[in-house]
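Chemist: Build me a model:
(3 chains)
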Amino acid sequence: MLDLLANGLVNIAQWKYLLPLFAGTFIGVIGGALPGVTITMTVIVVLPFTYGLDPLAGLAAMTGVYVGGSTGGLIAACLLGIPGSPASIATTFDGFPMARNGEPGRAIWLGVWASVWGGLLGALFLVFLTGPLAAIALEFGPWEYFSLFVLAMAMVAGLTEASLLKGLLSTAIGLLITVVGHDPIGSVPRFTFGSEFVGGGFPFLPVLIGVFAFAQIMTDLEKLNGPRGQPVPSLVGVKLERFSHLGVNLEIFKRPFLLAWSTIVGLIIGILPAIGGSASSVMAYDQARKFSKTPERFGKGHPEGIIASEASNNANVSGSLMTIMAFGIPGDAVTAVMLGAMTIHGIQSGPLFISQNPDIAYGIYAAYILAHPCMLLICIALMPLMLRVTSVRMAVLAPVVLVLCVVGAYALNNTMQSVYVLLLFGVIGYVLVKLGFPLAPLILGLILGDQIEINLVRAIMTDPSPWLFLTRPISGGLLVAAALSVALAIWQHLRHQKRVAEEEPDF
Amino acid sequence: MSIGRDGIAGLVLLAISLVLLVKSFQLPSLPIVPVGPGFYPAIVLSFMAVASALLVLQDILKRAPVTVEAGELPRRNYRLVVIAFAIVGLYVMLLPLLGFRLATVLFVGLLQVALGQPRTIRQSIVLAAIALGTAMASYFVFERYLLVLLPRGAWTGF
Amino acid sequence: MARTFVTMAGVAALAGVLAALSGPAMAQYPDRPIKMIVPWAAGGDTDNIFRPFAVEFQKHLGQPVVIANVGGASGTVGAREAQKSAPDGYTVYAMHDYIHLTFYAGISDVKYSDFEPVCLVAATPSVLTASAKTPWKTWQELADDAKKRPGEITVGATLGSTSHIFPAMIEKAAGIKFKFVSYDGLAPRMNALLGGHINLTDSNLTQKGKVEAAVLRFIAIASEKRDPEAPDVPTLKELGMNIVYEVARGVMVPKGTPAPVRAKLEEACAKAVKEPSFAQAMKLQGTRVAYLSAIDYAQFLARIDGESKTIMTDLGLIKK
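Modeler: Numbers count the residues shown, from 1 in each chain, chains lettered A, B, ... in the order given. Prediction:
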């Protein structure tokens, strides 16, 4: 196995593979960094070029996009407070406050290095344990998925400091948003009030960008003291601080357990289809806070929050790669496109893929591993430029970012519908933030809403007995964990309330 | 009986959830699916109704004035927020009519003016250049390289 | 205030210059990129068939053909978007047989006749596929078991779409009863089938790798003759059921598109499907190239529409 991997690494190190890998990673980082441009969109852009290439060259480019995109999102998350891609949602919680506190460099490099180490740790699992770990995905029937999602929501509702009740309500609002439109089972229109616009439903991405981008930008605008008079300050408004790569790495390695656990959370969520990096970053963030000695510092620029989110979203990539390697079943849109590219080249996917095509399989492993140093080099080269954003005036930055958001929403479906949704949820998101409702539970409710319903109905359609949710061992275990998680959150909450008085929410 | 911001928010959410809850029972069901399309929304809405009722209750019971002294916080400029939302709304409305390129030039220009009025000719030129540059750059990047066919104007055909 | 006015006037003037630069429109069709609406997600079967097609199609059209994946609500969001598009030939719609079914199921009010046919491109025979965790090696064993346990064998399907209708036709022909469970899309169905959470599903020959690895079994194929790619899989006709079920995918344009534009598209399509690289790509997709001209495609659509209506009525799925 090691010799196969060594062969793979030597093989990938040729220019004809290294160049597409590097180019893919570069495009991925840029695409990830632009709010609204998703990794899926970026990988589709790369797809036509891969038709003409050697299959491994194309797959290397796509792997690069995947890895680069999972990291690139943190740049916008830290500097603008808007997740560049859904996978970096949780990075905004601490990355942006840290940047605002005058340490944008530290925030970004903590994220980049955590991505590198989380990704490489994930690679170990990917290379040595693909078979047994991917088998987990098959054990998950509708009951297990349902219980897992309940656990995820139980975890995140307790994330907020201000009010547990508002956290729960935010989750419910998130779930409610996914219910509007055609139902996912029989496409019956629900709560549309006869409107074609509402009937189209509210897709995840425009809602996400709308809620985050508008809440952030509009809250910043409030602080501008009138359009006349003094020059408008910049978004972050801080001078670049001096930071050292060594220091950042020490910060990460002082917390080996955090790094390892975030990686494992990301990996497992990656293996399970249909969930993705967004949920894994939020869940790892929650776990980090639960296990932390200093949970009260989360949300105010705590390095642990950044490390957890970024390590897990890159490990998530290695998890998603496992199921296509082991079974030829794509877990998300990006791996679906990769699988499509394999088919075009006549590579038979399925359980025999690794043994029948060891060159390609180990080539993908090697590309995944090498994508991380590539991504690091690209970040080192780009970062001085990226950090310039901090000195751009708000009057310029706000319109440009909003144009990107609008284009990103439009590009999702190439329809104006998504742009209208973006604006609607921009308003709603801003109002919710003003009322002190936390956004993280809302977003998780939004990510999981459809899937919870689908799996619940699937379980009932397969077998009407509700006890199966408890008697199936994995499902039962997950539900018990959900109950424990809520209990822990209430306990932490009560302990916390004694210490700190309520603060005015300031997003 | 005083009611705070949370109480009002709770009441609004309670009203929404109750109205939709009634609606969810009226949805038609499919012959081969054992639970109808209203089954899951009803669960979510009941949960939401209970949580928002509790929020209202909490707000009324709390009594303690949660009002933060206005002097401590920087004065919030809500007028600017409303203007900015209106400009974005206008942009979104004009996009399919004027086409992406024209609407974007107007939007970036207008929002810049709203956020910080240029005072010299030079500043005005810079402002216009940014507006044009953003529109052109995003158009080229998305249309040419990211394979997104941006909206064309129904009025302008451009 | 005057300054604002000057600035705004400047911006408006620049915008005007931009507009003037766009030049006279409509010289010769096509003079700009064409959008192809694929009403399903990237990486799905329909997307995997139309992406290689678009490569050949644009070669013969002389303008880029850009695929826009407009997914959602069983393909009906994309259908509505295509229907609403300007009938100028710059938006084409890549569709398959689901459109008849979603119309009759009352999911969507978009009908196939809201479009003008351009050409039929490809047809993918459906394959009845069983999980390796089930005991059945052949159709006969499956049928016997199903007769003993009516309504207990689970089938994963997109309700009201092709993957639902195909097993339902088998139900009817063999006099058995399945239990349908909602699984949208082939990938989640495969996951559930491998894990044994469902017993059967409709798939296609792209899943051959999993059959070779003995985690799936192909029970029967719904084509006229056995497929050379999978010669051991019997056809439903051989098994005594008169079912040929292929998912047919073609290109349409919104109603009102001028005839010369349609002719140009049809001509390019006819050339594109003859490209050997397209044939090769389709073979890998478990699909046959099935070209029909606009006139033949129109007849084909009318026939399928009638059949779909009958089937949906039989199944009790038709809108009341």
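
Chemist: Determine the number of other residues adjacent to residue A:447.
Modeler: Residue A:447 has 25 neighbours, counted by other C-beta atoms under 10 Å in any protein chain shown. The way it works is simple: take the backbone N, C-alpha and C, and place the C-beta from them, glycine included.

Chemist: Now do it, the pLDDT please.
Modeler: pLDDT for residue A:447: 83.

Chemist: Angles on the backbone of it, please.
Modeler: When read as degrees, to the nearest 10, the backbone of residue A:447 gives phi -70, psi -40.

Chemist: which residues touch it?
Modeler: A:86, A:174, A:204, A:275-276, A:278-279 (C-beta atoms under 8 Å, 6 or more residues apart in numbering or on different chains).

Chemist: quick one: which of these is nearest residue A:458?
Modeler: Of all those, residue A:458 sits closest to residue A:275, with 15.5 Å by C-beta to C-beta.

Chemist: neighbour-wise, which of the contacts of residue A:447 leads?
Modeler: Result: residue A:279 is most packed of those (other C-beta under 10 Å), 31 neighbours.

Chemist: And the strand or helix carrying it, what does it pack against?
Modeler: Under the criterion of DSSP states H and E, residue A:279 resides in helix A:277-291. Here helix A:277-291 touches helix A:89-100, helix A:142-157, helix A:256-271, helix A:303-327, helix A:439-462, helix A:473-499, going by 3 or more C-beta pairs under 8 Å, 6 or more residues apart in numbering or on different chains; DSSP states H and E.

Chemist: Could you single out the most deeply buried of these?
Modeler: helix A:303-327 (a mean of 31; mean count of other C-beta atoms under 10 Å in any protein chain shown).

Chemist: longest helix anywhere in chain C?
Modeler: helix C:294-315 (DSSP state H).

Chemist: Which elements pack onto that helix?
Modeler: Here helix C:294-315 touches helix C:98-104, strand C:115-125, helix C:162-174, strand C:246-254, going by 3+ C-beta pairs under 8 Å, 6+ apart.

Chemist: Distance from the chain centre to the longest helix seen in chain B, please.
Modeler: Ranked by residue count under DSSP H, the longest helix found in chain B is helix B:39-62. Mean-position distance between helix B:39-62 and its chain equals 24 Å (C-alpha atoms, centre = their mean, to the nearest Å).

Chemist: got the CA positions of the helix holding residue A:279 in CSV?
Modeler: Provided in CSV are the C-alpha atoms of helix A:277-291 (Å, rounded to 0.1, in the frame of the first residue of the first chain):
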residue,chain,number,x,y,z
GLY,A,277,-18.6,20.9,4.7
SER,A,278,-21.0,23.5,6.0
ALA,A,279,-22.5,21.2,8.6
SER,A,280,-19.1,19.7,9.5
SER,A,281,-17.6,23.1,10.2
VAL,A,282,-20.5,24.1,12.4
MET,A,283,-20.5,20.8,14.3
ALA,A,284,-16.8,20.8,14.9
TYR,A,285,-17.1,24.4,16.1
ASP,A,286,-19.7,23.3,18.6
GLN,A,287,-17.6,20.4,19.8
ALA,A,288,-14.6,22.6,20.2
ARG,A,289,-16.7,24.9,22.4
LYS,A,290,-18.1,22.0,24.5
PHE,A,291,-14.6,20.6,25.2
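
Chemist: That helix vs helix A:256-271, what angle?
Modeler: Interaxial angle, helix A:277-291 versus helix A:256-271 (axes from the mean of the first three to the mean of the last three C-alpha atoms, to 10 degrees): 150 degrees.

Chemist: Only the buried residues of helix A:277-291, if you could.
Modeler: Using 16 or more other C-beta atoms under 10 Å in any protein chain shown as the burial criterion, the residues of helix A:277-291 that qualify are A:277-289.

Chemist: Please apply the same query to stretch A:185-199.
Modeler: A:185-192, A:198-199.

Chemist: Now, those that are in strands?
Modeler: A:189-190 (DSSP state E).

Chemist: circling back to that earlier point, just the buried residues of helix A:277-291 now: which is nearest residue A:133?
Modeler: Nearest to residue A:133 among these is residue A:280, at 14.6 Å by C-beta to C-beta.
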